[in-house]
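Participant: let me see the structure of the following:
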Amino acid sequence: MTVIDAHHRLNFPMTGALASRWPGAFFCRPAVLAAVLCSLFGSANARPAVIVTVDVESTESLPLPQQIDPVCDGGVRCGLLQIAYLLEQRRLAGTFFLNVYEYKAWGEPTLRNIARQLHSRGHDVALHTHPQWAYDPQRHYMYDYTLDEQTRIVADGVRLLREWTGLPVVAHRAGAYSANQDSIVALARNGITLDASLFPGERHCRLNELGLPVNFPGQIGGVTEIPVTVYERHERPAGLGHLLPPHVVLGKIDVNAMDDEHQAVAALRAVSAANLPFVVIFLHSFSFENAPGRVGGAPLANERALRIFQALLDEMSAQQVPVITARDVADQHNVSADDGASGKPSDRMPVPRAEIVVPTLKYAVRVLRSFSTGTRVAIGCTALLSTVAMLWWLRRTGRKGHRSSART
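Facilitator: Predicted coordinates:
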């Protein structure tokens, strides 16, 4: 495992707006894109390119129609189109994985409108599969379905997206990362050449069983796997420096999984310094939006996530990081990838390390949560007994002092 210092500065070549295709914006010539992609994938010392991915889907408290372009409490735009707008401000494009199967709940015009808006603004619209919306409500994960069932699910999604955008579908991400080997076969049967469902350490991701590489493209069944970028978060309590051991967890660059902008930038610098082919940044369509605090009220803006995403974009801009889409990757056809079919993991598995400072209380809570249930119970009992003993001692000491005062 290669460990990279989070404070290593980025040094990316200037590439301009690789994925800017919306009306009136700078259009990147195919020759320029090809040259950049060759520089990214053609040598061992390649610099990473960033892929900004957004899973577009409902939550229990935030239905997808309410996520499109809401104005949150305080007049802050906090929806899906705000994510698109922040990218467009910098002449960048994202890859939006749309859960098309929600048309069963909200109607086909609603989902078609989302796909067409994103496509017309120059973004890549890819397939996101949460099959319970259109098939079996009791089976939420792709691995719950047979190969033939998954083939049909993917085929239906491909048909809808192609009708809505006019483009072939080239990329897919399974809902909850729940792809398995049958999912890969189903994608290949439907002409999808790129998958982005692999998330190392995720319990619902059955692709982890196939020996695909971490943080590098993998190749299986004719489909290229672009994994979610992961890094080691070495969390240390604020003010205590290296006096306590770090709390180490595997993290992804997700705007909703970080405490502040400093952590986000440290993570981006760490993974970028590792010379990975790609760095995958993660959002959801609801990343900037929280459910209303009262019935009938406006949704609440997740201002922390907004600041984190803007900080990441500012860092990429300052360091001239190339930003591409999944379609750009699929279109260049010659991604250097490791074969996972043998079930033997690749030797190229760098997991960068980022030194993260967190509030002391959060550090304590996270360390405690990392223990087993039995250990947490033992620690809790010990703390309780220690507190009781301390209170008893203080009370006893106080009584002695009171008696002494009374005698005098």
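
Participant: got the contact list for the spatially closest residue to residue 64 that is not a sequence neighbour?
Facilitator: Nearest residue to residue 64 in three dimensions, chain neighbours excluded: residue 58, at 4.4 Å (Cβ to Cβ, 6 or more residues apart in numbering). Placement of C-beta: from N, CA and C, glycine included. Taking Cβ atoms under 8 Å, 6 or more residues apart in numbering, we find residue 58 in contact with 64, 67, 99, 102, 105.

Participant: can you check residue 157 too?
Facilitator: Going by Cβ under 8 Å, 6+ apart, the list of residues near residue 157 reads 100-101, 127, 129, 169.

Participant: would you turn those into TSV with neighbour count?
Facilitator: Below are the contacts of residue 157 laid out as TSV (neighbours: other Cβ atoms under 10 Å):
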residue	neighbour count
100	28
101	23
127	26
129	29
169	25
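
Participant: pick the one among those residues closest to residue 301.
Facilitator: residue 100 (27.2 Å; Cβ to Cβ).

Participant: please tell me the pLDDT value assigned to that closest one.
Facilitator: pLDDT recorded at residue 100 is 98.

Participant: next, work out how far apart it and residue 350 are.
Facilitator: For residue 100, the distance to residue 350 (Cβ to Cβ, to the nearest Å) stands at 35 Å.

Participant: quick check: closest non-adjacent residue to the spatially most central residue of the chain.
Facilitator: Centroid-nearest residue in the chain, with Cα atoms, centre = their mean: residue 282, separated by 2.8 Å. Nearest non-adjacent residue to residue 282, counting by Cβ to Cβ, 6+ apart: residue 254, 4.1 Å away.

Participant: need phi/psi at that neighbour.
Facilitator: Note on residue 254: backbone dihedrals following degrees, to the nearest 10 are phi -120, psi 130.

Participant: before we move on, back to that, can you verify my assumption that the residue nearest to the centre of the chain contacts residue 258?
Facilitator: No: between residue 282 and residue 258 there is no contact under Cβ atoms under 8 Å: 10.5 Å.

Participant: all the strands of the stretch 151-300 of the chain, residue numbers only.
Facilitator: Along the stretch 151-300 of the chain, counting by DSSP state E, counting those that start in this stretch, strands occupy 171-174, 194-195, 218-220, 223-225, 230-237, 247-254, 278-284, 289-290, 300-301.

Participant: how about these, which one is nearest residue 52?
Facilitator: With Cβ to Cβ, the closest approach to residue 52 among the strands of the stretch 151-300 of the chain belongs to strand 278-284: 4.8 Å.

Participant: so that closest one versus strand 247-254, what angle?
Facilitator: Relative orientation of strand 278-284 and strand 247-254, computed by axes from the mean of the first three to the mean of the last three Cα atoms, to 10 degrees: 80 degrees.
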